[in-house]
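Asks: Whatever this is, show me its structure:
(one chain, ligands or ions: 2)
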Amino acid sequence: MPDTTADTPAAHPPPTGTARLTPRVIVRQLNQHVVGQDDAKKVLAVAAYNHLRRRQTSAESGVRLAKNNVLLIGPSGSGKTLMCETLGRILGVPFVSADATGLTQTRFIGEALEAVLQRLVDAADGDFALAERGIVFLDEVDKLKAAPGESRASNGEAVQHALLRAMEGSLVRLRALDTSHWLDTTGILFICGGAFVGLEEVMESNRSYGFISAGGGDDRAILDRLNARIKPTDLFAFGLIPEFTGRLPVVARLDALDRDTLIRIMTEPADALYRQYQAMFAAEGVRLDIAERVFEELADLALEYRTGARGLRGLFEELVTPVLYVIPDQPEVRQVAFTSVYTGPTITRGPPRGGA
Ligand SMILES: Nc1ncnc2c1ncn2[C@@H]1O[C@H](COP(=O)(O)OP(=O)(O)OP(=O)(O)O)[C@@H](O)[C@H]1O
Ligand SMILES: [Mg+2]
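Replies: Residues are numbered from 1 along each chain as shown. Ligands and ions are numbered 1, 2, ... in the order given. Model prediction:
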């Protein structure tokens, strides 16, 4: 196996400023793209910071630092994938995401896992040393649970077993064309994500034994926090095998997005929907104005449809597509203003736009 610890200069040096990527800085950068989810951001930022530092600290102190793979739990459309993708960009390490369900649909789990790791190497432009510091995001690990009544050797469980070794750190042989290389997964950070529908109920029933009750004037806040904590036994009862949950020591929870957060998502991030459509209109020489009330109405619709933030784009499209359709043929349109989802836009015309 190649000695990846050798002190040769990496083909891809870490981006300048890596040393200054403290958890706080990471959170600040996440904030530019992901709205809310402050607790999850902090947990993820600390894990990412440790990930960047682990190799160096291990070398300096002689203490081998165990890796803290992360489990992200949150409802569909709450920003799990977005958060991990953004994190990969911030850290400047190769990043791949894959659906755990994709692994269950193959009979050759080992090969499917190899393919994921091969993509990580590809993301590192073939640089194994860089890939060995990368991040693998495995989405939908909650779907790996054994369904009630299913045989013990269910496919989901088989995938959990296959993942165990890679998550802990092992040598995986990657066969590309006629060559084969060993990839050491010891330094790769695994982030697992899932909606874990039904976990609340599991926690509720587990609590009947494990509940820590407040005796008199105890600090309620601390107790509530402890009781709200997702314990490995909860994940076990949910259907993940103990060895698997044991390798995910860091758990971060994302909340369902509330109305206010949905509104902020449409307007605040650098690439927010509103900004995207304003840019699209501006490219036609037209100013787009959307009143606050419209965003409130859109948020209410998204809540009603239970699509999380994912539904916002479709709703937005529905709103503006009719105008986007006619604008290119109507050079005298200068401004489009929406005051409600339920009334048509106000269109202001002027002298024809230049060039049209
Ligand atoms: N907190 C957030 N801040 C900004 N945008 C968000 C947020 N949550 C979701 N979105 C938007 O919604 C889309 C879907 O989010 P994402 O794919 O991250 O959801 P998810 O939690 O991974 O859902 P699933 O469990 O269904 O995979 C994103 O592309 C993004 O535009
Ligand atoms: Mg996702």
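Asks: is the nearest residue to L171 once chain neighbours are set aside in a bridge, and if so with what?
Replies: Using CB to CB, 6 or more residues apart in numbering and skipping the chain neighbours, the partner closest in space to L171 is W182 (4.6 Å). For every residue, glycine as well, the C-beta is placed using N, CA and C. Note on W182: beta-bridge partners by DSSP bridges are R173.
Asks: does W182 really touch R175, like I thought?
Replies: No - contact criterion CB atoms under 8 Å: W182 and R175 do not qualify, at 10.6 Å.
Asks: Count the neighbours of the residue nearest to L171 for me.
Replies: If you count neighbours by other CB atoms under 10 Å, W182 ends up with 13.
Asks: mind checking how far it is from T321?
Replies: 51 Å (CB to CB, to the nearest Å).
Asks: What are the neighbouring residues in contact with whichever residue of the stretch 1-150 of the chain sits closest to ligand 1?
Replies: Nearest residue of the stretch 1-150 of the chain to ligand 1: G79, at 2.9 Å (CB to the nearest ligand atom). Shown in contact with G79 (CB atoms under 8 Å, 6 or more residues apart in numbering): 34-37, 254, 257, 309.
Asks: For the residues you listed, please prepare TSV with the additional fields secondary structure, distance to E140 and neighbour count.
Replies: Below are the contacts of G79 laid out as TSV (DSSP: H, G, I helix; E, B strand; the rest coil; distance: CB to CB, whole Å; neighbours: other CB atoms under 10 Å):
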residue	secondary structure	distance to E140	neighbour count
V34	coil	19	26
V35	coil	23	23
G36	coil	22	20
Q37	coil	18	25
L254	coil	14	24
L257	coil	19	26
A309	coil	18	22
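Asks: Please list all residues in contact with L248.
Replies: 69-71, 167, 190, 192, 235.
Asks: which of the residues you listed are buried?
Replies: 69-71, 167, 190, 192, 235 (16 or more other CB atoms under 10 Å).
Asks: Now the stretch 51-200 of the chain against ligand 2: closest residue?
Replies: In the stretch 51-200 of the chain, the residue found nearest to ligand 2 is T81; the distance is 3.3 Å by CB to the ion.
Asks: JSON lines please, covering the contacts of G79 and showing distance to ligand 1.
Replies: Below are the contacts of G79 laid out as JSON lines (distance: CB to the nearest ligand atom, whole Å):
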{"residue": "V34", "distance to ligand 1": "4"}
{"residue": "V35", "distance to ligand 1": "4"}
{"residue": "G36", "distance to ligand 1": "5"}
{"residue": "Q37", "distance to ligand 1": "5"}
{"residue": "L254", "distance to ligand 1": "7"}
{"residue": "L257", "distance to ligand 1": "6"}
{"residue": "A309", "distance to ligand 1": "3"}
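Asks: contacting residues for the residue of the stretch 151-300 of the chain found nearest ligand 1?
Replies: In the stretch 151-300 of the chain, the residue that lies nearest ligand 1 is I265 (4.2 Å; CB to the nearest ligand atom). I265 makes contacts with 35, 257, 272-273, 309, 312, as judged by CB under 8 Å, 6+ apart.
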